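A.B. asks: Model the structure of this input:
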Amino acid sequence: QDKRKAKEFAKRNYHIVAQVSVMPDVGRYLGRYLGPRDKMPNPRYGMIFPDNANKQMLKTLYDRLQKLVRVVIKKHRTFGIPIGTENMDAKDVAENAKYVINWLFNRIPGGRQSIKSIYLKLTMGPAVRIF
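C.D. replies: Presented below is the predicted three-dimensional model:
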């Protein structure tokens, strides 16, 4: 009911997960704060789970959400997608990069023609153009 707490909750949490039985309350009390931030629980991503969910289902959902990366482009046509960590093998990072690039080509209207350039960058290193 407290607006300030609802705003802080929406800012602080990246993923919101809810049971089916409480979704009407989530929409009623938190919808105005979660909706504009695109953080409402979405069944497409499995963020709404049945009332009889067990610990294994929740663990699986938690693991999947830890790996989920959402891309939202509002004003600028540039964005960054993390494809690996410093301690990963170069082969795994290359595989992740290939997957992301193919995903972009298949999902963006116009495919390859819509993408002007792709850069690969380490955390503290210079960007390297790869496309």
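A.B. asks: from here on, contacts and neighbour counts on C-alpha atoms
C.D. replies: Will do.
A.B. asks: Paired strands for the helix or strand of the chain at the bottom of the mean pLDDT ranking, with orientation please.
C.D. replies: Counting by mean pLDDT, DSSP states H and E, the chain has its least confident helix or strand at strand 48-49, which shows a mean of 82. Strand 48-49 sits in its sheet next to strand 18-19 (parallel), going by DSSP bridges.
A.B. asks: Give me the residues contacting the longest helix belonging to the chain.
C.D. replies: Assignment by DSSP state H gives helix 90-107 as the longest helix of the chain. Here helix 90-107 makes contact (C-alpha atoms under 8 Å, 6 or more residues apart in numbering) with 83-85, 111-112.
A.B. asks: remind me which residues of the protein are low pLDDT?
C.D. replies: Where the chain drops to pLDDT under 70, the residues are 1, 71-73.
A.B. asks: quick one: the strands in it?
C.D. replies: Secondary structure of the chain (DSSP state E): strands at 18-19, 48-49, 119-121, 127-129.
A.B. asks: Could you dump those into JSON lines and include distance to residue 36 and mean neighbour count?
C.D. replies: Shown next, in JSON lines, are the strands of the chain (distance: least, C-alpha to C-alpha, whole Å; neighbours: other C-alpha atoms under 10 Å):
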{"stretch": "strand 18-19", "distance to residue 36": "18", "mean neighbour count": "18"}
{"stretch": "strand 48-49", "distance to residue 36": "19", "mean neighbour count": "20"}
{"stretch": "strand 119-121", "distance to residue 36": "30", "mean neighbour count": "13"}
{"stretch": "strand 127-129", "distance to residue 36": "32", "mean neighbour count": "11"}
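A.B. asks: which one of those lies closest to residue 77?
C.D. replies: Residue 77 sits nearest to strand 119-121 of all those, at 13.7 Å, using C-alpha to C-alpha.
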